[in-house]
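> Any chance you can model this:
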Amino acid sequence: QVQLQESGPGLVKPSQTLSLTCTVSGGSITTNYYYWSWIRQPPGKGLEWMGAIAYSGSTYYSASLKSRTSISRNTSKNQFTLQLSSVTPEDTAVYYCARFNYGLAPEYDYWGQGTQVTVSS
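Next up is the predicted model:
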C-alpha cells in the first residue's frame, strides 16, 4: 500500500519561500511510470495542479506558477519537495502531494492527506 505524507510549516510570511516535503512509503519514486505531483486547493476554489517530478527525475510545471516553483527529489529518502517562492496571501491553500499513474488508465491513484498552508504576516 502506497502512502504519501506532506510535511512543512503551516504558516509562511509574504515574500518568503514555501517549502513542503512529501514522504512516500510502500513504493519507490523512481519506479516507471509514476509522476509525483503537487496539487493545491485555495479556500472556496477548485484543485490546481502545480507541477510534478517524474520517475526519471524530469520536472513539469504549471505555466502560471513556473517562474516561482521548483520541485526536486531525494531518492535515498524517497521524498520529493516543493518550493514556491515569493508567496502572497493568494497562495494560502491546502497542499496535496499525489501520485499520477501513467498506465493504461491514467489517474491520480494515491494522495496525501493534505496540509494547510497559510500565508500571512
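
> Just the buried residues of the helix or strand hosting residue 72, please?
Assessed by DSSP states H and E, residue 72 sits inside strand 69-74. Neighbour-count burial for strand 69-74, with 16 or more other C-beta atoms under 10 Å as criterion, is recorded at 69-71, 73. Yep, even glycine has a C-beta here, placed from its N, CA and C like the rest.

> who touches that strand?
Applying C-beta atoms under 8 Å, 6 or more residues apart in numbering, the contact partners of strand 69-74 are 29, 36, 38, 50-53, 57, 59, 61-62, 79-85.

> Give me the buried subset of those residues.
Among the contacts of strand 69-74, those buried by neighbour count (16+ other C-beta under 10 Å) are 29, 36, 38, 50-53, 59, 61, 79-82, 84.

> Return the helix or strand in the chain with minimum mean pLDDT.
For the chain, using mean pLDDT, DSSP states H and E, the weakest element among its helices and strands is strand 107-111, scoring a mean of 94.

> what lines up beside that one in the sheet?
If you go by DSSP bridges, strand 107-111 pairs up with strand 93-101 (antiparallel).

> got the angle for the strand holding residue 72 vs strand 93-101?
60 degrees (axes from the mean of the first three to the mean of the last three C-alpha atoms, to 10 degrees).

> switch to numbering from 50
I'll keep to 50 as the first residue from here, and by that count the last item is strand 118-123.

> Report the rounded mean pLDDT for strand 118-123.
Across strand 118-123, the average pLDDT comes to 98.

> CA-only coordinates of it, as CSV, when you get a sec.
Output of strand 118-123 as CSV, limited to C-alpha atoms (Å, rounded to 0.1, in the frame of the first residue of the first chain):
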residue,chain,number,x,y,z
THR,A,118,8.0,26.8,-8.5
SER,A,119,10.7,24.2,-8.1
ILE,A,120,10.2,20.5,-7.5
SER,A,121,13.1,18.3,-6.5
ARG,A,122,13.6,14.8,-5.0
ASN,A,123,15.8,12.9,-2.7
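
> which stretches of this structure form strands?
All strands of the chain, identified by DSSP state E, fall at 52-56, 60-61, 67-74, 83-90, 97-103, 108-110, 118-123, 128-133, 142-150, 156-160, 164-168.
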